[in-house]
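1. Sequence plus the predicted model coming up.
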Amino acid sequence: MKLVPGTNLMFRPHRGRRIKEVLVSIQTKPDRPKWLKAPAPVGANYRDLKALVQELKLHTVCESAACPNIGECWNQRTATFMILGNMCTRRCGFCAVQKGAPLEVDMDEPRRVAEAVSLMGLKHAVITSVNRDDRKDGGSELFAMTIRAIHDRVPDCHVEVLVPDFQGNYDNMQTVMDAGPEVLNHNTETVPRLYRTVRLGADYPRSLEMLAYAKSLRPQTPTKSGLMLGLGETIDEVLRVMQDLRAHRVDILTLGQYLQPSKKHLPIVRYATLEEFAELKKAGYEMGFSHVESGPLVRSSYHASDAVDATHA
């Protein structure tokens, strides 16, 4: 066992290879900062949106991934719709979305998502999905159908899609980009050293390549990616990932604090400080990102429309 510098955690060596990035807590977890608070999920708009989602039999990542901003966002009548069911084929150690046998694809789902977008009066809709490694198209066709359904139903609504890596299949990425989303988002989530623990089944170079390929297909469409802090990465590692993203022509960046959804998920190694988030935001703009959202409660779709406005300004 080797101590992780600056933390209360240990690395466990694994079969003589590089130290495996499985963190084993040996002391108490870090205290949650008193300033790290999110609005409670209450209010008339929150109740209305919850009822609408239930009525249309839709899933949202806000609920399925236990997003801390659900109270703020839903009361502002914004939400991130999650298509292709709510059962993921991967078992990432940070994610609260259910894992298991995938659900049958609901081909009427795009119509219902577009109906919800219309009823909510959205000008910017965010669509994401579980990973569907069981499907040859990785779910790309339903993404494309949803983009087109929203554009047909609400022509002045921008559509942002947060897509999986499609296992590196360029054809699947092209299917999505051909549908004309206004923003293409794919998260790198963490630094390369931690991928084997944090992003099971994912590959850091592959994620960068998929972002670059999307940009090559539609150079005018902003691309976006995000990372979590607090899983054992160093600030220097985060900065290197940010540089890699810019080198692959990513325009928009999100940085947020990892919050452990349950005791079954990866532990929080530390809480990044407000000063660190501010410095990373400054560094992001200096690197050339058109928009950077950086803060403890920032998530992929947090203030998503602001990023688009800044990018096209």
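-> Thanks, I have it.
2. wait, F143 sits on P164?
-> No: the pair F143 / P164 is not scored as a contact, 9.6 Å apart, by C-beta atoms under 8 Å. Bear in mind the C-beta positions are built from the backbone N, C-alpha and C, glycine included.
3. More neighbours: which of the two?
-> F143 (30 against 26; other C-beta atoms under 10 Å).
4. what sits against the more buried one?
-> Neighbour list for F143: I83, I127, S129, V161, V163, T175, V176, A179 [criterion: C-beta atoms under 8 Å, 6 or more residues apart in numbering].
5. Hmm, V126 and the first one touching each other?
-> Read it as I83. No: using C-beta under 8 Å, I83 and V126 do not qualify as a contacting pair, with a distance of 11.2 Å.
6. wait, what's in contact with Y213?
-> Y213 neighbours (C-beta under 8 Å, 6+ apart): Y170, M173.
7. Name the secondary structure element that contains it.
-> Per DSSP states H and E: Y213 is located in helix 204-217.
8. After that helix, heading C-terminal, what element do we hit next?
-> strand 223-229.
9. Please state the offset of that following strand from the chain centre?
-> Relative to its chain's centre, strand 223-229 lies at 7 Å (C-alpha atoms, centre = their mean, to the nearest Å).
10. Now that strand - C-alpha only, PDB.
-> C-alpha atoms of strand 223-229 as PDB (Å, rounded to 0.1, in the frame of the first residue of the first chain):
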ATOM      1  CA  THR A 223     -18.000  21.100 -28.900                       C
ATOM      2  CA  LYS A 224     -18.000  20.700 -25.200                       C
ATOM      3  CA  SER A 225     -16.500  18.500 -22.500                       C
ATOM      4  CA  GLY A 226     -16.300  18.400 -18.700                       C
ATOM      5  CA  LEU A 227     -14.300  17.000 -15.700                       C
ATOM      6  CA  MET A 228     -15.000  16.200 -12.100                       C
ATOM      7  CA  LEU A 229     -12.600  17.200  -9.400                       C
END
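11. buried ones in the helix or strand where S118 lies?
-> Using DSSP H and E, S118 sits within helix 109-120. Judged by neighbour count using 16 or more other C-beta atoms under 10 Å, the buried positions of helix 109-120 are E109, P110, R111, R112, V113, A114, E115, A116, V117, L119, M120.
12. nearest spatial neighbour of the first one, skipping sequence neighbours?
-> Of all residues beyond its chain neighbours, the one nearest E109 is I83 (5.5 Å), with distances taken as C-beta to C-beta, 6 or more residues apart in numbering.
13. do the same with the third one
-> For R111, the nearest residue in space outside its immediate sequence neighbours is A149; the separation is 5.7 Å by C-beta to C-beta, 6+ apart.
14. ok, then the element right after the host helix or strand of L184?
-> In the assignment (DSSP H and E), L184 maps to strand 183-185. Sequence order places helix 195-198 as the next helix or strand after strand 183-185, per DSSP H and E.
15. what packs against that following helix?
-> When contacts are defined as 3 or more C-beta pairs under 8 Å, 6 or more residues apart in numbering; DSSP states H and E, helix 195-198 packs onto strand 20-25.
16. avg pLDDT for the strand it packs on?
-> The pLDDT scores in strand 20-25 average 42.
17. same question, stretch 176-190
-> Across stretch 176-190, the per-residue pLDDT values average to 97.
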